[in-house]
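Engineer: no FASTA, just this:
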């Protein structure tokens, strides 16, 4: 076995578990395990790969959390359908936990992907999908409730991402859009007139989709997400600025604070 009793050190065990994870993934990519197929028993798989059962158990547990494997009660462990949405779910967790500059970076990624997806959708969207997009736009225009506006905003972009015809890109965008929900909430509550601009930006995206104009759609989507990105970038810069009185002797204030 690759991990003897002397390999109980955490770093070593982690390395062996990671090796087990990579070996199972290789079996899937090489076609030895197909989506929906049942894995050999834990004992047989450990013996086949030359890895202890404890490390194999940890590897299976980790791959289950990642959505690569699933445990079926009383039946065994199976390879999942390997859907992009399930496999990329952990990406959304990273986005959800990001703050400050990292959240700005994620919005930058979203701007790039959103503009590409919207351009693709302009060429591929069906009349039914376009009608759904128009319905969410109408709903945004019919309410001043921030939560309702943001809910329709999310659905508006989900339909467009689906219309682009790239499941993986849609899954990434879904994680980025829902996990950056709070950024749009901050913008809506703290920046006067933000929702009016949001309505105009969504209307521009819809017009480009209806006109089947990919480049206009790309530009409209980039401008829309770019507005949020720039607002958040300004917030991060403001938070990182030192206080006006920083570095001054005690009791002495900056001329700016005395104005």
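Structural biologist: Ah, there it is. Computed from a prediction, not measured in an experiment: that's the story for all the values here. Numbers count the residues shown, from 1 in each chain.
Engineer: Apart from its neighbours in sequence, what residue is nearest residue 101?
Structural biologist: residue 236 (5.9 Å; C-beta to C-beta, 6 or more residues apart in numbering). All C-beta spots, glycine's among them, are computed from the backbone N, C-alpha and C.
Engineer: any chance you could map the strands in the stretch 1-150 of the chain?
Structural biologist: Under the criterion DSSP state E, counting those that start in this stretch, strands of the stretch 1-150 of the chain are mapped to 69-72, 76-79.
Engineer: Can you read off the pLDDT for the residue nearest to residue 101?
Structural biologist: Predicted confidence (pLDDT) for residue 236: 83.
Engineer: returning to that earlier point: mind checking which of the strands of the stretch 1-150 of the chain is nearest residue 160?
Structural biologist: In terms of C-beta to C-beta, the element of those nearest to residue 160 is strand 69-72, at 30.4 Å.
Engineer: That closest one pairs with which strands, and in what direction?
Structural biologist: Strand 69-72 pairs in its sheet with strand 76-79 (antiparallel), by DSSP bridges.
Engineer: Give the buried residues for the partner strand.
Structural biologist: 77, 78, 79 (16 or more other C-beta atoms under 10 Å).
Engineer: quick one: the last one and residue 71 touch, right?
Structural biologist: Just to be clear, that refers to residue 79. No: contact between residue 79 and residue 71 fails when scored by C-beta atoms under 8 Å: they sit 11.7 Å apart.
Engineer: what about the helices in the stretch 101-250 of the chain?
Structural biologist: Ranges of helices within the stretch 101-250 of the chain are 127-141, 146-163, 167-179, 181-190, 194-210, 214-240, based on DSSP state H, counting those that start in this stretch.
Engineer: now the longest one and helix 194-210, what's the angle there?
Structural biologist: Spelled out, it's helix 214-240. Using axes from the mean of the first three to the mean of the last three C-alpha atoms, to 10 degrees, one finds that helix 214-240 and helix 194-210 are set 160 degrees apart in direction.
Engineer: if we can go back for a sec, please name whichever of the helices of the stretch 101-250 of the chain is nearest to residue 40.
Structural biologist: Per C-beta to C-beta, nearest to residue 40 of the helices of the stretch 101-250 of the chain: helix 167-179, 29.2 Å.
Engineer: pLDDT (mean, whole number) over that closest one?
Structural biologist: Mean predicted lDDT for helix 167-179 stands at 84.
Engineer: Any idea which of the helices of the stretch 101-250 of the chain has the lowest pLDDT on average?
Structural biologist: helix 181-190 (a mean of 63).
Engineer: before we move on, back to that, can I get the strands of the stretch 1-150 of the chain in TSV including distance to residue 113 and mean pLDDT?
Structural biologist: Listed next are the strands of the stretch 1-150 of the chain as TSV, based on distance: least, C-beta to C-beta, whole Å; pLDDT from 0 to 100:
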stretch	distance to residue 113	mean pLDDT
strand 69-72	28	92
strand 76-79	28	94
